[in-house]
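> Fold the following for me, if possible:
(chains A and B)
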Amino acid sequence: MTDTTDSKHTGFSLGSSPHIFSHTDMKETMRGTAIAFLPVIGASIYFFRLHAAVLITTCIITCIFTEALCQLARRRPVTVDDWSAVVTGCSLALILPPTLPLSAAIIGSVFAIVVGKQIFGGLGHNIFNPSLLARAFLMANYPRWLTTWVEPLKPDAVSSATPLALAKFQHEFAALKDLFFGNVSGSLGETSAFCVLLGGIYLFYKKYGDWRIPGSILSTVFVYSGILWVINPACPSPIFHLLAGGLMYGAVFQASDPVTSPVSAKGKIIFGIGIGLILVTIRIWGGLTEGVMYAILFMNALTPLIDRITIPRRFGARQSPT
Amino acid sequence: MIKQLYQDWIKGIWRNNPVFVQLLGMCPTLAVTTSLINGIAMGCATCFVLVASSLMVSVIRRLIPGEVRIAGFTIIIATFVTVAELFLAANFPLLSKTLGPYVPLIIVNCIILGRAEAFASKHSPIRALADSFGMGVGFTLSLVLLGSIRELFATGGIIGTRILPASFENWVVMIMPAGAFLTLGFLIGLFNMIESKLKSHKVTMSQGHMTQVKNS
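Prediction:
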């Protein structure tokens, strides 16, 4: 008796696994992520005007072109219509300072696609988050440009220090309301915690990302900086830590990148705790004022190891084979 | 005989290039190639030590007992490194200062000990000479390539001559270790790409040749 006759008799169709299919594909996930960026893009254009619009457009266009060129050169199908290059471009532009010269933005975008993504074999094969890798490269390459900040809502671009730098070196704390809505200096997308949260809620409601990663990062930062604050009240308060700098943006959009974060739920939580610990340590004791980028990149490098120690045990199996 | 010597020499430059294929001697390769001059100086010093010590090891290869050969090789290498170091310090004090500890560190460069162990201690002096000279030239060429690329991007020119347009903002990263790793990675990738292209070209050539032979 063959399968087809059997299924005719019983009314069941037979087939090999997998049996459950999701309608969410790569393209839809990436498009969803791009939509989640919209409130952040809106806030950045509101606060930094033309600078923001030009930078974001440049990065996205450069990323799309570079991706297409790389795929043509490697004689692979050109997949720029899957929105992943748009997401990389967006997420890079939003962590750049508003007055960055366009040449640096273009070099950064090319670096993100070529070194961050295509060299490893394209989407899904990269070890590090491409946009963070590109920012680390730009940071090493143009340290002066990457640490020049301007005040928001000032078209003539008055330079000013970021809230974290003020807190670290001059013990001045920006108002929490300004930090929450984004009326402070900083990278394009990181200033408004509120808009990042809006994007994040959409992202995690639609399940394009896993809430466990930002959840564990934010709670680790809250608890760790809270302990330090209780010991020494001169340290910034935990709320300030949560709202200032690129923490909210990095936790929602970059740490939760499914390619460069662990697979299992337990792994994701370990990953998030690691980022939180490194980040607060850099902010309090490090030479830099902000540590989100290096914290995430460092944990990206550890992701394969975390995946290895958190292999789920089969039901009934005594110990996972090591 | 001549062909054999040529083979021994040429393999160090391309097919067995110490830097791009064997990935040996990474410490000087990454650390001192911040400029073209540094690359040339380091390459020449290493080349001298490599040739001299390989020749010496090959000449006395039957006199060194197998059990202590590594210690013996190291003493021979250290002697020539001292010669090179003192020569540099006496004639090019500035260069010697820039290279710093990396000249004495040639002693532990694994290319040199590797050639002594793998080739010189098993072959005649003349073949050891050809082999070590090829490796030395290959190493120098790689360092020159790496040093000139890094210098070009880090300063916008090579040896004081501006090549890139004045609007080019120098890439600070190229002076730093990260720039060395990036450049080396790209060059190894490029090397492998050319090598695989050449290989597939050779295969199709020989296949074409085979069918011709069959047809005739």
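> Now do whichever residue of chain B sits closest to chain A, the pLDDT please.
Closest residue of chain B to chain A, C-beta to the nearest C-beta: B:Val173 (4.1 Å). The C-beta positions use only the backbone N, C-alpha and C, and glycine is treated the same way. We have a pLDDT of 90 for B:Val173.
> next one: the one 4 residues further on
On pLDDT, B:Pro177 comes in at 89.
> cool, the one 10 residues further on as well?
Note on B:Leu187: pLDDT of 93.
> Does it touch B:Gly147 like I think?
No: with contacts counted by C-beta atoms under 8 Å, B:Leu187 stays clear of B:Gly147, the gap being 11.6 Å.
> So which of the two has more stuff around it?
Neighbours were counted for B:Leu187 and for B:Gly147 using other C-beta atoms under 10 Å in any protein chain shown; B:Gly147 has more, 26 against 16.
> tell me the contacts of A:Ala244?
A:162-164, A:167, A:174, A:179, A:184, A:236 (C-beta atoms under 8 Å, 6 or more residues apart in numbering or on different chains).
> And for it, nearest residue in space, chain neighbours not counted?
A:Pro163 (4.7 Å; C-beta to C-beta, 6 or more residues apart in numbering or on different chains).
> same question, A:Thr62
A:Ser109 (3.8 Å).
> tell me which residues in the stretch of helix or strand that neighbour belongs to are buried?
Following DSSP states H and E, one finds A:Ser109 within helix A:102-114. Within helix A:102-114, the residues that count as buried by 16 or more other C-beta atoms under 10 Å in any protein chain shown are A:104-114.
> sorry, back to before: tell me which residues touch the residue of chain B closest to chain A, please.
Contacts of B:Val173 by C-beta under 8 Å, 6+ apart are A:137, A:140-141, B:179, B:182.
> Specify which member of those is nearest to A:Ile282.
A:Ile282 lies nearest to A:Ala140 out of the contacts of B:Val173, by C-beta to C-beta, at 16.0 Å.
> I'd like the distance between that closest one and chain B.
4 Å (C-beta to the nearest C-beta, to the nearest Å).
> who are the neighbours in contact with that residue?
For A:Ala140, counting by C-beta under 8 Å, 6+ apart, the contacting residues are B:172-173, B:176, B:178.
> Quick check: A:Thr79 touching A:Gln118?
No: the pair A:Thr79 / A:Gln118 is not scored as a contact, 11.2 Å apart, by C-beta under 8 Å.
> between these two, what contacts are shared?
Joint contacts of A:Thr79 and A:Gln118 (C-beta under 8 Å, 6+ apart) are A:67, A:71.
> So for the two, which sits in the more crowded spot?
Counted by other C-beta under 10 Å, A:Thr79 and A:Gln118 do not tie: A:Gln118 has more neighbours, with 22 against 16.
> can you pull the contacts of that one?
A:67, A:70-71, A:74.
> With B:Val172 instead?
B:Val172 neighbours (C-beta under 8 Å, 6+ apart): A:140-143, B:154.
> Next one: B:Ile75 from B:Leu55, what distance?
15 Å (C-beta to C-beta, to the nearest Å).
> So which of the contacts of A:Ala140 sit within helices?
B:Ala178 (DSSP state H).
> What residues does chain A have near chain B?
Contacts of chain A with chain B, taken as C-beta under 8 Å from any C-beta of the partner chain, map to A:101, A:103-104, A:115, A:119, A:137, A:140-143, A:145.
> make it 7 Å
Neighbours of chain B within chain A, by C-beta under 7 Å from any C-beta of the partner chain: A:137, A:140-143.
> which among the contacts of A:Ala244 gets closest to A:Lys207?
A:Leu179 (28.7 Å).
> Over to B:Ile70. Which of the three states is it?
helix (DSSP: H, G, I helix; E, B strand; the rest coil).
> Name all residues that make contact with A:Phe47.
Listed by C-beta atoms under 7 Å, 6 or more residues apart in numbering or on different chains, the contact partners of A:Phe47 are A:152-153, A:182, A:191.
> continuing past the one helix or strand it maps to, what's the next helix or strand?
A:Phe47 belongs to helix A:26-73 when assigned by DSSP H and E. Note on helix A:26-73: by DSSP H and E, the next helix or strand toward the C-terminus is helix A:84-93.
> Which neighbouring elements make contact with that following helix?
Other helices and strands packing on helix A:84-93, by 3 or more C-beta pairs under 7 Å, 6 or more residues apart in numbering or on different chains; DSSP states H and E, are helix A:26-73, helix A:102-114, helix A:130-141.
> which residues touch the helix or strand that comes right after the shortest one?
Spelled out, that is helix A:130-141. Using DSSP H and E, the helix or strand that directly follows helix A:130-141 along the chain is helix A:163-165. When contacts are defined by C-beta under 7 Å, 6+ apart, helix A:163-165 is touched by residues A:174, A:179, A:184, A:244-245, A:283, A:289-290.
> now, which of the residues you listed lie within helices?
Short answer: the contacts of helix A:163-165 in helices (DSSP H) are A:179, A:283.
> how about the contacts of helix A:163-165 in TSV, adding distance to B:Glu117?
As requested, the contacts of helix A:163-165 are exported to TSV (distance: C-beta to C-beta, whole Å):
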residue	distance to B:Glu117
A:Ala174	63
A:Leu179	63
A:Val184	62
A:Ala244	58
A:Gly245	54
A:Arg283	50
A:Thr289	51
A:Glu290	50
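> Format the contacts of helix A:163-165 as a markdown table; extra columns: pLDDT.
Below are the contacts of helix A:163-165 laid out as a markdown table (pLDDT from 0 to 100):
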| residue | pLDDT |
| --- | --- |
| A:Ala174 | 80 |
| A:Leu179 | 85 |
| A:Val184 | 85 |
| A:Ala244 | 86 |
| A:Gly245 | 83 |
| A:Arg283 | 90 |
| A:Thr289 | 82 |
| A:Glu290 | 84 |
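> So which of the contacts of helix A:163-165 are in strands?
Among the contacts of helix A:163-165, no member is found in strands (DSSP state E).
> Return the residues in contact with residue 139.
Since no chain was named, I'll use chain A. A:Leu146.
> wrong one, I was asking about chain B
B:Phe139 touches B:18-19, B:25, B:43, B:46-47, B:111, counting by C-beta under 7 Å, 6+ apart.
> Any stretches of the stretch 151-300 of chain A with poor pLDDT?
Along the stretch 151-300 of chain A, the parts satisfying pLDDT under 70 run over A:155-157.
> tell me the mean pLDDT for the helix holding A:Ser109?
So the average pLDDT for helix A:102-114 ends up being 94.
> Restrict that helix to CA atoms and write it as PDB.
Taking Å, rounded to 0.1, in the frame of the first residue of the first chain, the C-alpha atoms of helix A:102-114 are listed here in PDB:
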ATOM      1  CA  LEU A 102      29.600  61.500   4.200                       C
ATOM      2  CA  SER A 103      32.900  60.000   3.000                       C
ATOM      3  CA  ALA A 104      33.200  58.300   6.400                       C
ATOM      4  CA  ALA A 105      29.600  57.100   6.300                       C
ATOM      5  CA  ILE A 106      30.200  55.600   2.900                       C
ATOM      6  CA  ILE A 107      33.400  53.800   4.000                       C
ATOM      7  CA  GLY A 108      31.600  52.500   7.000                       C
ATOM      8  CA  SER A 109      28.700  51.200   5.000                       C
ATOM      9  CA  VAL A 110      31.000  49.400   2.600                       C
ATOM     10  CA  PHE A 111      33.000  48.000   5.500                       C
ATOM     11  CA  ALA A 112      29.700  46.700   7.100                       C
ATOM     12  CA  ILE A 113      28.600  44.900   4.000                       C
ATOM     13  CA  VAL A 114      32.000  43.600   2.700                       C
END
